Structures are given as C-alpha cells and as structure tokens.
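>>> sequence below, structure please.
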Amino acid sequence: MPARDLALIAVFAALIAALGLGGAFQVPFSEVPITAQTLGVMLAGSVLGARRGALAVVVFLVLVAVGLPLLPPSPARPQGGLLPFTSVSAGYLFGWIAGAFVIGLLVDHRPARFSLGWIIGANIIGGIGVVYAFGVPVQAFITHVRLGTAFVHSFVLLPGDLAKVTVSAVVTGAVLRGYPGIVPPRYAERRALAAAAAAGSEPVDVPSAPQQH
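The predicted model follows:
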C-alpha cells in the first residue's frame with residue numbers, strides 16, 4: 001500500500017480517537033452511549049473510500065483492543081482492552097467497520113457532478129442502517145431483551161446520528177471540491193480509464209515480411 005494511503009488511514013484513525021475526547025452521553029431508554037466517534041467513521045468511509053475507510057476503523061479498534069483508552073468513558077463499557085468488544089455496544093463497534101466500507105462503496109458510485117443528497121444517503125445507509133444492523137441485535141442479546149424492543153430503543157440515537165450525517169456530507173463535499181485527489185475517483189471513471197488503457201495496450205497485428213528462400 002502506498003505510503004500516502006497509510007498516512008491517511010493513520011490520520012483518520014487518530015481523528016476517530018480524537019472525536020472521543022468530548023466524552024459520551026447517556027440517553028434514556030438506551031444503554032448505548034452517544035459519542036462523536038461515529039462521525040469519524042462516516043468521514044473515513046466518505047473521504048477515504050471503502051477499503052481505506054474500513055482499514056482506518058480497524059486500526060482504531062485494534063488500538064482499543066491492545067488497551068489504549070480511546071473510547072469515551074461510559075458506564076456501559078470500558079475505555080480500552082477487550083472488554084468493550086463484549087459490552088452492550090460491541091455490535092456497534094464492529095458495525096463501524098462494515099458501515100465505513102458501505103459508505104465508501106456508495107460514495108464510489110456518486111454522480112459525476114457532486115450531489116449532496118447522494119453523500120447524505122450513503123452516510124444514512126452505511127453510517128446508520130448498517131451500523132444499527134450490527135449493533136441492535138448484539139445489544140438485544142447482551143441485555144436479554146426482545147429484538148423489537150432494542151430496535152425501538154435505538155430510535156433515541158437517531159437525532160444525533162442524523163446530525164453527524166449532515167456534518168459528514170458537508171465536510172466530504174468540501175474535500176471533494178478542495179482536495180479532489182484524496183477522495184478516490186468514481187468507479188465509472190476508473191472503469192473508463194482501465195478500458196482506455198486496455199485498448200491502448202492491445203497488440204497490433206503487423207504483417208510479417210516475406211521470407212527469403
């Protein structure tokens with residue numbers, strides 16, 4: 001992997017960690033704390049793309065697993081070590097990886113002209129839908145409640161997550177306009193370049209010279 005990609009992955013892993021410095025908020029009807037770190041996950045997928053965005057989240061979670069206290073303090077889980085991955089919010093932590101990957105895939109297929117609505121939709125699907133699909137069943141299992149009850153309780157997290165979606169989309173738009181080289185080219189553009197390169201490298205049949213006897 002190029003050094004530039006490794007540096008960007010490290011930067012966004014650090015961003016996710018830094019967004020946890022603001023602490024966590026516990027809301028009624030939910031044992032899962034609200035943190036700003038989900039915003040970092042959304043930005044990682046939106047700006048870095050599927051592969052690099054997911055790797056940034058993996059790097060962050062590995063640092064947590066080895067014991068660094070990078071998660072905000074919360075009664076629901078420790079700040080570092082392996083215990084957070086068995087806590088009530090364990091599913092959400094693992095869902096961050098899949099969420100960043102899905103966001104990156106969807107942003108990869110964005111229209112040729114920047115569409116704020118497309119980026120918002122990508123963050124809602126990946127940053128909320130996919131993360132909740134991992135988090136809510138694990139929360140229900142650990143807290144011994146019905147899946148439907150856990151799903152309803154997760155609604156209290158939606159306002160904060162929708163605000164993060166908006167911030168992520170606005171920041172991604174600014175990066176696309178100001179630093180277009182950071183965000184991976186659209187999938188359609190890569191296919192067109194690959195097709196052009198393949199066409200240019202096709203062997204040309206050159207008539208062979210007549211043999212002399």
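>>> show me what the lengthiest helix in the chain is packed against.
The longest helix of the chain (DSSP state H) is helix 158-178. Applying 3 or more C-beta pairs under 8 Å, 6 or more residues apart in numbering; DSSP states H and E, one finds that helix 158-178 contacts helix 37-48, helix 116-123. In this view, the C-beta of every residue, glycine as well, is placed from N, C-alpha and C.
>>> do that again at 10 Å, thanks
Judged by 3 or more C-beta pairs under 10 Å, 6 or more residues apart in numbering; DSSP states H and E, the packing partners of helix 158-178 are helix 37-48, helix 90-108, helix 116-123, helix 131-143.
>>> just say which of those helices is most tucked in.
Most buried of the helices and strands packed on helix 158-178 by mean neighbour count (mean count of other C-beta atoms under 10 Å) is helix 37-48; its value is a mean of 29.
>>> quick one on the thing from earlier: for residue 182, find the nearest of the helices and strands packed on helix 158-178.
Residue 182 sits nearest to helix 37-48 of all those, at 6.2 Å, using C-beta to C-beta.
>>> so for the closest one, mean pLDDT?
Regarding helix 37-48, the rounded mean pLDDT is 95.
>>> output it as PDB, restricted to C-alpha atoms.
Provided in PDB are the C-alpha atoms of helix 37-48 (Å, rounded to 0.1, in the frame of the first residue of the first chain):
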ATOM      1  CA  GLN A  37     -16.800   8.900  17.100                       C
ATOM      2  CA  THR A  38     -19.500   7.700  14.700                       C
ATOM      3  CA  LEU A  39     -18.900  11.000  12.800                       C
ATOM      4  CA  GLY A  40     -15.200   9.900  12.300                       C
ATOM      5  CA  VAL A  41     -16.400   6.600  11.000                       C
ATOM      6  CA  MET A  42     -18.700   8.300   8.500                       C
ATOM      7  CA  LEU A  43     -15.900  10.700   7.400                       C
ATOM      8  CA  ALA A  44     -13.500   7.800   7.000                       C
ATOM      9  CA  GLY A  45     -15.800   6.000   4.600                       C
ATOM     10  CA  SER A  46     -16.900   9.100   2.700                       C
ATOM     11  CA  VAL A  47     -13.400  10.600   2.200                       C
ATOM     12  CA  LEU A  48     -11.100   7.600   2.000                       C
END
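>>> pLDDT score for the residue most central in space within the chain?
What sits nearest the mean C-alpha location of the chain, by C-alpha atoms, centre = their mean, is residue 100, with 1.5 Å. Turning to residue 100, the model gives it a pLDDT of 97.
>>> show me what contacts it?
Contacts were defined as C-beta atoms under 10 Å, 6 or more residues apart in numbering; by that measure residue 100 touches 12, 16, 40-46, 48-58, 126-127, 130-131.
>>> try residue 26
Neighbour list for residue 26: 32-34, 74-76 [criterion: C-beta under 10 Å, 6+ apart].
>>> okay, it: pLDDT?
Reading off the model, residue 26 has pLDDT 73.
>>> need the phi and psi values for it.
Taking degrees, to the nearest 10, you get phi -100, psi 130 for the backbone angles of residue 26.
>>> from residue 143, how far off is it?
Using C-beta to C-beta, to the nearest Å, residue 26 is found at 14 Å from residue 143.
>>> can you check residue 4 too?
Residue 4 sits 43 Å away from residue 143, going by C-beta to C-beta.
>>> and the closest residue to residue 167 other than its chain neighbours, what is it in contact with?
Excluding the flanking residues, the one nearest residue 167 by C-beta to C-beta, 6 or more residues apart in numbering is residue 39, at 6.0 Å. By C-beta under 10 Å, 6+ apart, residue 39 lies in contact with 15-16, 19, 123, 127, 160-161, 163-168, 171.
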